[in-house]
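> coordinates only, sequence not included:
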């Protein structure tokens, strides 16, 4: 580490600051500012009270006993509750399976699963719609052929199924991420650890529980945090697959913010949703930062 | 080849599970491909029905030259934005990353933690004030405006990524050059940047594909249909009376083929970028 030589580090940092201050930092502060105003007048926490207690965000009249819409915050939470464990276990399972020498073409399978990470999310959302379209799509047709006629429908068009279509499509898109991370993590575990465990007479399950899983913990933290961030920010897929509908049944916070801004032209309410969304992302973000120390 | 029975059983089970998953993950792509190269009436009841099977490129032509939202123009617009949208933040963030990797200065650790925090920031948190700012700067609805926003937005993660990369490089060549009297700027671009080339390639291709794939920022800042980027045009190609899956899937393929090609050509850099960006050394 070099000692500071006059203003040299500032010279290196300056271009980044020139871009970041007006285009990232100032807008963040201004969004917080906007969230306390309505039609140019300071209203304190009124916007927060109005938006956060509205049925757009949490619809307690319908959740959980009646059919959706349940509110965008509830939808984000349901999304996380299904998507996070599914992608983690699928990704870990695939990483464990595809590392075996006996699996032929494992790198090809890895590439196929990883494709979801490479394509634009708007395309992923369109493919999700296509998958769940009655007639043209695979999933309703397969379920219909299996005799489940109630699901042989266009999933994105019905409040009971729209959110789940988006979640299933997102599992297809995102599993490649945790698979990639766990594959890299598994490759970094020294072989002698396993050999030592085998000599001690440990069975496969014990080896996984006592050797593999603890050593993968740093990877798991990153995967969980990144997946949480991705789930909270989900936008493109919902926008193109369901538009948040029908009737708000698959609305999520990021899209709700856009809805207030572009459709209702109320940028103050939009700012409140943005602040709420950002506050939620701080949880996994702080978790990642604290882990550095 | 002879194999003990228990081994054979394990071999079959492992391969069966792995390939079932692989095929399930491939089917959506297969459906898109099939729908894109066949006429509408052959896919509307399921692209897996193979009789009759007519191969046609009409959907691609129709999507490329769509009367309202031609994807061809969108692809050009996307390229005009994504190339500078990758190069500008790469240069700017590399400079900043070098400061974090090699110098000590006041508030350095706080500033770096702040940058990590910015990586988690939802774009929703900036767009309202940015919208007014770009409007006042007469940059709304211009490629330059969107390039600026993408550049600023890419800085946080590229700074983080390149700082990790620089930290792994040995410093002895730099020290030797310094003793020979080379300036900091010269050391940076003559010695450090060439050594960091693999990292720069990873950052460049990831930022390029992310800008190419962006939908939200384009949606906010480009309102003139002739300026729409490719991703922005996709949802608009639905067709009026029915969802025209032929045109939609053909357009989807044209939009995703660019990041897929980048991935195929630079797989090693792409993967190490993905891993290095989300983990840390």
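Received it, and whenever you're ready, just let me know what you need. For clarity, every value in this text was computed on a predicted model and none was experimentally measured. Residues are numbered from 1 along each chain as shown, chains lettered A, B, ... in the order given.
> For the residue in the stretch 151-293 of chain A that chain B sits nearest to, give me its contacts.
Per CB to the nearest CB, residue A:285 is where the stretch 151-293 of chain A lies closest to chain B, at 3.5 Å. C-beta coordinates here come from the backbone N, C-alpha and C atoms, glycine included. Contacts for residue A:285 (CB atoms under 8 Å, 6 or more residues apart in numbering or on different chains) come out as A:225, A:229, B:116, B:117, B:119, B:120.
> Of those residues, just say which sits nearest to residue B:179.
Distance to residue B:179, by CB to CB, is smallest for residue B:116 among the contacts of residue A:285, at 34.0 Å.
> got a list of what the closest one touches?
Counted by CB under 8 Å, 6+ apart, residue B:116 has contacts A:285, A:288, A:289, A:292, B:156, B:160.
> go on, residue B:270?
A:118, B:202, B:205, B:206, B:262, B:263.
> and it, which of the three is it?
helix (DSSP: H, G, I helix; E, B strand; the rest coil).
> roughly how far apart are it and residue B:202?
Residue B:270 sits 7 Å away from residue B:202, going by CB to CB, to the nearest Å.
> and if you look at residue B:127?
28 Å.
> now residue A:65
From residue A:65 to residue B:202 the distance is 50 Å (CB to CB).
> Sketch out the helices for the stretch 101-250 of chain B, chain order is fine.
B:108-119, B:127-136, B:143-168, B:172-179, B:184-187, B:193-195, B:197-213, B:216-221, B:230-233, B:245-265 (DSSP state H, counting those that start in this stretch).
> I'd like the ones you listed written out as JSON lines, with mean pLDDT added.
Below are those laid out as JSON lines (pLDDT from 0 to 100):
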{"stretch": "helix B:108-119", "mean pLDDT": "89"}
{"stretch": "helix B:127-136", "mean pLDDT": "96"}
{"stretch": "helix B:143-168", "mean pLDDT": "95"}
{"stretch": "helix B:172-179", "mean pLDDT": "90"}
{"stretch": "helix B:184-187", "mean pLDDT": "90"}
{"stretch": "helix B:193-195", "mean pLDDT": "93"}
{"stretch": "helix B:197-213", "mean pLDDT": "96"}
{"stretch": "helix B:216-221", "mean pLDDT": "96"}
{"stretch": "helix B:230-233", "mean pLDDT": "96"}
{"stretch": "helix B:245-265", "mean pLDDT": "96"}
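> Now distance to residue A:162 too, for those, in TSV please.
TSV is the format used below for the helices of the stretch 101-250 of chain B (distance: least, CB to CB, whole Å):
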stretch	distance to residue A:162
helix B:108-119	31
helix B:127-136	25
helix B:143-168	30
helix B:172-179	56
helix B:184-187	55
helix B:193-195	49
helix B:197-213	24
helix B:216-221	20
helix B:230-233	22
helix B:245-265	19
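> most packed of these?
Burial of these is given as mean neighbour count (mean count of other CB atoms under 10 Å in any protein chain shown); helix B:230-233 ranks first at a mean of 26.
> helices or strands up against that one?
The contact analysis (3 or more CB pairs under 8 Å, 6 or more residues apart in numbering or on different chains; DSSP states H and E) places helix B:230-233 against helix B:71-102, helix B:197-213, helix B:216-221, helix B:245-265.
> Please work out which residues outside the shortest one touch it.
Meaning helix B:216-221. Counting by CB under 8 Å, 6+ apart, A:235-236, A:258, B:81, B:123, B:127, B:130-131, B:134, B:140-141, B:145-146, B:149-150, B:153, B:228-229, B:231-232 sit against helix B:216-221.
> quick one, what contacts the residue nearest the centre of chain A?
What sits nearest the mean C-alpha location of chain A, by CA atoms, centre = their mean, is residue A:231, with 1.9 Å. Counting by CB under 8 Å, 6+ apart, residue A:231 touches A:76, A:79, A:80, A:83, A:84, A:170.
> give me the low-pLDDT residue ranges for chain A?
A:1-5, A:292-293 (pLDDT under 70).
> can you rerun that using 50?
Scanning chain A for pLDDT under 50 picks out A:4.
> Please flag which of the contacts of residue A:231 sit within helices.
Mapping the contacts of residue A:231 onto helices (DSSP state H) picks out A:76, A:79, A:80, A:83, A:84, A:170.
> Select from the residues you listed the one having the most neighbours.
residue A:170 (26 neighbours; other CB atoms under 10 Å in any protein chain shown).
> Find the residue closest to it in space, skipping its chain neighbours.
residue A:83 (5.6 Å; CB to CB, 6 or more residues apart in numbering or on different chains).
> what comes up buried for stretch A:34-48?
Neighbour counts using 16 or more other CB atoms under 10 Å in any protein chain shown place A:34, A:35, A:36, A:37, A:38, A:47, A:48 of stretch A:34-48 among the buried residues.
> Let me see the backbone angles for the third one.
The phi/psi pair for residue A:36 (degrees, to the nearest 10) reads phi -100, psi 0.
> got it, and the one 4 residues further on?
Reported as degrees, to the nearest 10, the phi and psi values for residue A:40 are phi 80, psi 0.
> measure it to residue B:134 for me?
21 Å.
> got a list of contacts for stretch B:188-199?
Under CB under 8 Å, 6+ apart, the answer for stretch B:188-199 is A:12, B:94-95, B:98, B:161-162, B:165-166, B:169, B:173-174, B:177, B:182, B:200, B:269, B:272, B:276.
> From residue A:166, how far out is the closest residue to residue A:278 other than its chain neighbours?
With CB to CB, 6+ apart as the criterion, residue A:278 has its nearest non-adjacent residue at 4.7 Å, and that residue is residue B:125. Residue B:125 sits at a distance of 22 Å from residue A:166 (criterion: CB to CB).
> One more: residue A:264?
Counting by CB to CB, the gap from residue A:264 to residue A:166 is 22 Å.
> Who has more neighbours out of the two?
The residue with more neighbours, out of residue A:264 and residue A:166, is residue A:166; 27 against 10, by other CB under 10 Å.
> Buried ones in whichever strand or helix holds the more buried one, by neighbour count?
In this structure, residue A:166 sits in helix A:162-187 according to DSSP states H and E. For helix A:162-187, the neighbour count (16+ other CB under 10 Å) marks A:162-170, A:172-186 as buried.
> what does stretch A:124-133 give?
A:124, A:125, A:126, A:127, A:128, A:129, A:130, A:131, A:132, A:133.
> and chain B, which of these contact it?
A:126, A:127, A:129, A:130, A:131, A:133 (CB under 8 Å from any CB of the partner chain).
> of all those, which comes closest to residue B:10?
residue A:131 (32.5 Å).
> Surely the closest one is in contact with residue B:28?
Yes. Using CB atoms under 8 Å, residue A:131 makes contact with residue B:28 at a distance of 5.6 Å.
> what sits in contact with each of those two?
By CB under 8 Å, 6+ apart, the residues touching both residue A:131 and residue B:28 are residue A:138.
> outside of stretch A:180-187, which residues touch it?
Outside stretch A:180-187, the residues that reach it (CB under 8 Å, 6+ apart) are A:91-92, A:94-96, A:98-99, A:110, A:114, A:117, A:212, A:215-216, A:218-219, A:222-223, B:271, B:274-275, B:278-279.
> chain center to it: distance?
Taking CA atoms, centre = their mean, to the nearest Å, the mean C-alpha location of stretch A:180-187 is offset from the chain mean by 20 Å.
> Stretch A:250-269 now?
For stretch A:250-269, the distance to the chain centre is 19 Å (CA atoms, centre = their mean).
> okay, how far is it across it, tip to tip?
19 Å (CA to CA, to the nearest Å).
> Identify each buried residue in that stretch, please.
Taking 16+ other CB under 10 Å as the criterion, stretch A:250-269 shows A:250-261, A:266-269 as buried.
> Among those residues, which ones lie close to chain B?
Within the buried residues of stretch A:250-269, those near chain B by CB under 8 Å from any CB are A:254, A:257, A:258, A:261, A:267.
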